[in-house]
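>>> Fold the following, please.
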Amino acid sequence: MIFLLLALAPLQASPELAKPAPAGPLEIRTDRLQRCIALTQSDPAAARAEAGRWRIAGGRFFARACAGLAFAAEKAWPSAASEFEEAAREAQLAKDVHAATYWAQAGNAWLAAADPAKARAALDSALTAGTLTGLALGEAQLDHARALVATGDLESARTDIDLALTNAADDPLAWLLSATLARREANPVRAKKDIGEALKRSADDASVQLEAGNIAAMAGDEDGARAAWGQAARLAPDTPVGRSAVTALRQFDGQTSAPRPSTPIGR
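Prediction:
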């Protein structure tokens, strides 16, 4: 399960765009960025070519951001992360407020590339900039927590996840990761509470059902584990999550002892 939640229009919140103004360089660049972003969704290779031409013509971090999104659309995660990092550096030099957004996108892409150390470094830059707010801040905190978990720093990850639950409380992934971490921390009460919140928001997500089964298994609830793992297998039968659920269910064949949690995917 890959969680790439990239902002497709990082300039939409710009104060300069919130008020009518004569057409100027910023408006022209923003319009070109929107066209380039739209192209990433239909023809990523063409979008990369357009971003390259635009960069040569002086597109600066706007062109880099579009190139990053094009690489992300192709799941070329290291290349996407590198483009976002270059966009962030150029935006910092220009004292542009969106540098933090680009750092956050870079961190997210490094996570997808399975490089949590680089993800953590990029997300450190995003969070220390102090310009992210609301949902964008919560998502960056959540990604930072994922990087910390992957590098073994569970205590710091808990701090970040709790912050993310404040700023991104509607995101089921935040509750799922919090529940998974609570299980790993051997905190069944917190795990059950948080997986319940994830289920309220995304009961049709196989990863949520897989973890619900894991938490039920930890509590010795065989019926609950069977039901949740069965649902995960039905929702995503041909995926790693679904196959993990099927494997977990096999332990019940001729077995009377307490169920064992399945190894979660991507944690």
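>>> got any ranges where the protein has weak pLDDT?
For the chain, the stretches flagged by pLDDT under 70 are 1-29, 254-267.
>>> how about 80 then?
1-30, 254-267 (pLDDT under 80).
>>> Do you have the strands of the stretch 51-200 of the chain handy? List them.
In order along the chain, the stretch 51-200 of the chain carries no strands (DSSP state E, counting those that start in this stretch).
>>> isn't residue 51 right next to residue 60, touching?
No - Residue 51 is not in contact with residue 60 according to CB atoms under 8 Å; the separation is 11.2 Å. All C-beta spots, glycine's among them, are computed from the backbone N, C-alpha and C.
>>> who's more crowded, the two?
residue 51 (27 against 18; other CB atoms under 10 Å).
>>> Okay, helices next: where are they in the stretch 151-267 of the chain?
Shown for the stretch 151-267 of the chain, the helices assigned by DSSP state H, counting those that start in this stretch span residues 154-167, 172-184, 188-202, 206-218, 222-235, 240-250.
>>> Any idea which of those gets closest to residue 112?
Closest to residue 112 of those is helix 172-184 (CB to CB; 13.5 Å).
>>> Now do the closest one: which elements does it pack against?
helix 134-150, helix 154-167, helix 188-202, helix 206-218 (3 or more CB pairs under 8 Å, 6 or more residues apart in numbering; DSSP states H and E).
>>> most tightly surrounded among these?
Highest mean neighbour count of these: helix 206-218, a mean of 27 (counted as mean count of other CB atoms under 10 Å).
>>> Let me know the angle separating that helix from helix 172-184.
20 degrees (axes from the mean of the first three to the mean of the last three CA atoms, to 10 degrees).
>>> which residues sit in contact with the closest residue to residue 71 other than its chain neighbours?
Distance criterion CB to CB, 6 or more residues apart in numbering; nearest residue to residue 71, sequence neighbours excluded, is residue 80 at 3.7 Å. Listed by CB atoms under 8 Å, 6 or more residues apart in numbering, the contact set of residue 80 reads 68-69, 71-72, 109, 112.
>>> Kindly reformat the helices of the stretch 151-267 of the chain as a markdown table containing distance to residue 119.
Formatted as a markdown table, the helices of the stretch 151-267 of the chain follow (distance: least, CB to CB, whole Å):
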| stretch | distance to residue 119 |
| --- | --- |
| helix 154-167 | 12 |
| helix 172-184 | 14 |
| helix 188-202 | 22 |
| helix 206-218 | 19 |
| helix 222-235 | 26 |
| helix 240-250 | 21 |
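>>> re the thing from before, JSON lines for the helices and strands packed on helix 172-184, including distance to residue 180?
Below are the helices and strands packed on helix 172-184 laid out as JSON lines (distance: least, CB to CB, whole Å):
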{"stretch": "helix 134-150", "distance to residue 180": "8"}
{"stretch": "helix 154-167", "distance to residue 180": "10"}
{"stretch": "helix 188-202", "distance to residue 180": "8"}
{"stretch": "helix 206-218", "distance to residue 180": "6"}
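>>> and residue 92, which of those is closest to it?
That would be, of the helices and strands packed on helix 172-184 and by CB to CB, helix 134-150, which comes in at 16.1 Å.
>>> From the contact counts, what lies against that closest one?
helix 99-112, helix 116-128, helix 154-167, helix 172-184.
>>> Which strands and helices lie in contact with the third one?
Judged by 3+ CB pairs under 8 Å, 6+ apart, helix 154-167 is in contact with helix 134-150, helix 172-184.
>>> tilt between the shortest one and helix 188-202?
Pointing back at helix 172-184 there. Going by the same axes, to 10 degrees, helix 172-184 is angled at 160 degrees with respect to helix 188-202.
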